[in-house]
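Q: A structural model of the following input is requested.
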Amino acid sequence: MTASDIAFDPPGTRAEVEEGTTFTPRFDRDGLVTCIAVDAHDGRVLMLAYMNAESLARTIATGEAWYWSRSRQELWHKGATSGQIQRVVEMRVDCDQDALLIRVEVGGDGGCCHTGRRACFYRRVVRGPDGAVALEAAGT
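A: Predicted coordinates for the structure are as follows:
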């Protein structure tokens, strides 16, 4: 099976979307669905990205994470240049099929963030005693 063999039907009724067995992802007005990638071994949230129909189909067909880069306006095979390929262990969809969660095993050095860190969520948003909002390190 190739990515071109995979087509997604439009969502059906609310009951079909929420309780049915047909995968009918609900892409937003830009043709994207949100995807959260977590480490398959420890459950750590690694990154949030977006998929369009083609990148989602390629992910399903290859077993490796493909995304849609909103900044570059192109398909993005995660790890193609860095070696940090994300092998999909499991894919889940939320109740109304407009968000995906993928459990991945990361190749290469195990990192996911373009900054060189393991995960993209490495800073906390904090509010100081004076009410000012700032960022502080939350680990790598």
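Q: Only the C-alpha atoms, please, for stretch 100-112, written as CSV.
A: Extracted C-alpha coordinates of stretch 100-112, given in CSV (Å, rounded to 0.1, in the frame of the first residue of the first chain):
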residue,chain,number,x,y,z
LEU,A,100,-3.9,13.0,16.3
LEU,A,101,-1.6,11.5,18.9
ILE,A,102,1.3,9.4,17.7
ARG,A,103,3.6,7.3,19.9
VAL,A,104,7.0,7.2,18.2
GLU,A,105,10.4,5.7,18.6
VAL,A,106,13.0,8.3,17.5
GLY,A,107,16.1,7.4,15.6
GLY,A,108,19.5,9.1,15.5
ASP,A,109,20.4,10.8,18.8
GLY,A,110,16.7,10.6,20.0
GLY,A,111,16.2,14.4,19.7
CYS,A,112,13.1,16.0,18.1
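Q: Quick check: mean pLDDT of that stretch?
A: In this model, stretch 100-112 carries a mean pLDDT of 94.
Q: Give me the spatial nearest neighbour of the residue sitting nearest the centre point of the chain, chain neighbours excluded.
A: Residue closest to the average C-alpha location in the chain (Cα atoms, centre = their mean): Cys35, at 2.8 Å. Leaving aside its chain neighbours, Cys35 sits nearest to Leu100 (4.3 Å; criterion: Cβ to Cβ, 6 or more residues apart in numbering). Every residue, glycine included, has its C-beta placed from N, CA and C.
Q: just checking, next helix/strand downstream of the helix or strand hosting Met91?
A: Per DSSP states H and E, Met91 falls inside strand 86-93. Counting by DSSP H and E, the element after strand 86-93 in chain order, helix or strand, is strand 99-106.
Q: so how far does stretch 9-28 reach from one end to the other?
A: Chord length of stretch 9-28, first to last residue, is 15 Å (Cα to Cα, to the nearest Å).
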